[in-house]
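> build me a model from this:
(chains A and B)
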Amino acid sequence: MAELKLYNSLTRKKQVFEPIDASHIRIYACGPTVYSYAHIGNARMAVVFDVLSRLLRGLYPKVTYVSNITDIDDKIIKAAQDSGEKIDVITKKYADIYNEDMASLGVIAPDIQPRATAHIEGMIDIIKVLIEKKHAYEADGHVLFHVPSFAEYGGLSGRSRGEQIAGARVEVASYKRDPADFVLWKPSKGDKPSWNSPWGDGRPGWHIECSAMAAAHLGLPFDIHGGGADLKFPHHENEIAQSCCANGDESDLASFSKYWVHNGFVTVNGEKMSKSLGNVVLAHDLVKDHEGETLRMTLLAAHYRQPLDWTDSSIAQSKKTLDHLYQNLREIADIEIDDNTALPDSFMDALCDDINTPKAIAALSELAKTAVETRSAALKSQLIAAANLLGLLQHDPDIWLGYGVTGDDINTDHIEDLLHQRTDARSNKDFARSDEIRDELLAMGIAIEDTPSGAIWKKI
RNA sequence: GGCGCGGUGGCAGAGAGGAUAUGCAGCGGAUUGCAACUCCGUGUACACCGGUUCGAAUCCGGUCUGUGCCUCCA
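The predicted structure is shown next:
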């Protein structure tokens, strides 16, 4: 079995993955806050951790992958106020759309997708423990985590307390004992959603949500915690603080999650996606215009820790690469495969080397080429098995490439008729007519290929 | 200011002391009536300057440059 190595953000080193319990791997990844459509950055996270969980399933007997939905948050409250819709309507709508869009990208739903609002009690319990242990205090209706109470604070992001304060650009609320203290619980006034708590009606801070959901579904410590690189600070740092102080070992940052995996950012045409630049690319829009598999390929074409620049040409290039793989597959369509084939070493070695998907895709290309060359059932089986793990090549090659497709806008009889006319023209060496028909078909979006067994057509 | 991550051939993008990455595009060829599809062949690539080494894109130091985070953020 290939040895899995992961870059652990906590130790800042690539390490051999040594599970806490090899009979059951437990992984958590921070999911979206559902106040709007997911953008391509959310999609990258979903696809990256989907691949990681698929890989883990290939290596270990049991994997539990938890990825949450944050359904209570200031941004959601604002979205509700702006739109006039109820909060639970908004969160259900966008959570559903998120799951549909991710499914389009070939993302297998997490084993458990907890909602923050269903874990308020768990959050309150953690906060109680933190107060008992003097890691948190109540002030002005808020409960705050007291950062100086946790000596190891900053270990994930590599920031000392002084550095954080020096860099802080937000006004410090007067009720904070220390500028770095962060909110665990805050009062909810008026029509804002609230829950009963020992500190009055209120709602949880963002960071406590993930601590509670991860603990509830995975137990502590668990193997891998993931998310986007920007979550490292403060979100993940604060999760560690809460969880280690409440239920873990205060002197061991790994007593919450042993490994931390962070995916890099997506930029759009070289710029950071932001609302102010108006360049936010939504997964929901992309899946309307492109095959989900093409988008998935584009997201996997760069190593997950590297920045990924999203452009039209990067999508087009992925489409071409996939087309070629499908062409290869089409040529060996008649070969029966063995569904129980072991994954090829070149491919697994790449994936096990810190999820090196570009290298794994290169292995896929080479495998496809060799499979066509040798017409080997074993190699084709390996190719399919490898592609399945990445969630690629899931379509019928003929359909993907448009051969003989039917549809409302395609008049098959008319096409076949023109094709016969062209064949006749060609046999009479009337190439002018032959080319005329080809152009006519092309104008209809139909391309012709002449094969030894006659002309065939495909939709382009 | 602090903490990070990069700078690889036309483009995308791996590699991390000594091999051909891979894909797309381009060019040449095979095939074709011509194409398309496919196949074969084809690349002065490693920001710059020093250093270490028998040997550096890969290690060390410096310079330039891009970019992210610093309590909204995947």
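
> phi and psi next, for the closest residue to RNA strand B within chain A.
Residue nearest to RNA strand B within chain A: residue A:228 (1.7 Å; CB to the nearest atom of the strand). All C-beta atoms are positioned from the backbone trio N, CA, C, and that covers glycine. Residue A:228 adopts backbone torsions of phi -70, psi 150, taken as degrees, to the nearest 10.

> who's the closest spatial neighbour of residue A:242, skipping the chain neighbours?
residue A:211 (4.4 Å; CB to CB, 6 or more residues apart in numbering).

> thinking again about what came up before, from memory the residue of chain A closest to RNA strand B sits against residue A:261, does it?
No. Using CB atoms under 8 Å, residue A:228 makes no contact with residue A:261, being 10.6 Å away.

> more neighbours: which of the two?
Under the neighbour definition other CB atoms under 10 Å, residue A:228 and residue A:261 were set side by side, and residue A:261 has more, 23 against 20.

> backbone dihedrals for residue A:282, please?
With angles defined as degrees, to the nearest 10, residue A:282 sits at phi -90, psi 140.

> who are the contact partners of the residue lying closest to it once chain neighbours are set aside?
Computed as CB to CB, 6+ apart, the closest residue to residue A:282 that is not its neighbour in sequence is residue A:37, at 4.5 Å. By CB atoms under 8 Å, 6 or more residues apart in numbering, the contact set of residue A:37 is A:94, A:97-98, A:101, A:282-285.

> what bits of chain A have low per-residue confidence?
A:1, A:159-173, A:407-409 (pLDDT under 70).

> quick one, domains of it?
Domain ranges of chain A: A:14-263, A:268-401, A:412-459, per automatic domain parsing.

> out of the ones you listed, deepest packed?
Across the domains of chain A, averaging neighbours per residue (mean count of other CB atoms under 10 Å) puts domain A:14-263 on top, at a mean of 19.

> how long is that one from one end to the other?
Length of domain A:14-263, first residue to last, CA to CA, to the nearest Å: 14 Å.

> show me how far that domain is from its chain's centre.
Relative to the centre of its chain, domain A:14-263 is centred 17 Å away, using CA atoms, centre = their mean, to the nearest Å.

> and the stretch 251-400 of chain A, which residues reach RNA strand B?
Near RNA strand B, the residues belonging to the stretch 251-400 of chain A are A:263-267, A:270-273, A:301-303, A:305-309, A:313-314, A:317, A:320-321, A:323-324, A:327-328, A:331, A:353-354, A:356, A:358-359, A:361-362, A:365-366, A:369, A:372-373 when assessed by CB under 7 Å from any atom of the strand.

> what about the helices in the stretch 251-400 of chain A?
Assigned by DSSP state H, counting those that start in this stretch, the helices in the stretch 251-400 of chain A fall at A:283-289, A:292-300, A:312-331, A:345-352, A:357-374, A:377-390, A:397-401.

> tell me which residues are up against the longest one.
With contact meaning CB under 8 Å, 6+ apart, helix A:312-331 is reached by A:290-291, A:293-295, A:297-298, A:301, A:361, A:364-365, A:368-369, A:371-372, A:383, A:387, A:392-393, A:395, A:397-398, A:400-401, A:403.

> same question, stretch A:118-126
Contacts to stretch A:118-126, defined as CB under 8 Å, 6+ apart, come from residues A:184-185, A:195, A:197-198, A:204, A:208-209, A:211-213, A:215-216, A:242-243, A:246-247.

> how about a cut-off of 10 Å?
Stretch A:118-126 has contacts (CB atoms under 10 Å, 6 or more residues apart in numbering) with A:68-69, A:71-72, A:114, A:116, A:136, A:143, A:184-185, A:194-199, A:202-205, A:207-217, A:242-243, A:245-247.

> using PDB, write down the CA coordinates of that stretch.
Extracted as PDB, the C-alpha positions of stretch A:118-126 are listed here (Å, rounded to 0.1, in the frame of the first residue of the first chain):
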ATOM      1  CA  ALA A 118     -28.700  22.000  15.300                       C
ATOM      2  CA  HIS A 119     -25.600  22.100  17.600                       C
ATOM      3  CA  ILE A 120     -26.300  25.100  19.700                       C
ATOM      4  CA  GLU A 121     -26.400  23.000  22.900                       C
ATOM      5  CA  GLY A 122     -23.000  21.500  22.100                       C
ATOM      6  CA  MET A 123     -21.600  25.000  21.700                       C
ATOM      7  CA  ILE A 124     -23.100  26.100  25.000                       C
ATOM      8  CA  ASP A 125     -21.600  23.100  26.700                       C
ATOM      9  CA  ILE A 126     -18.100  24.000  25.400                       C
END
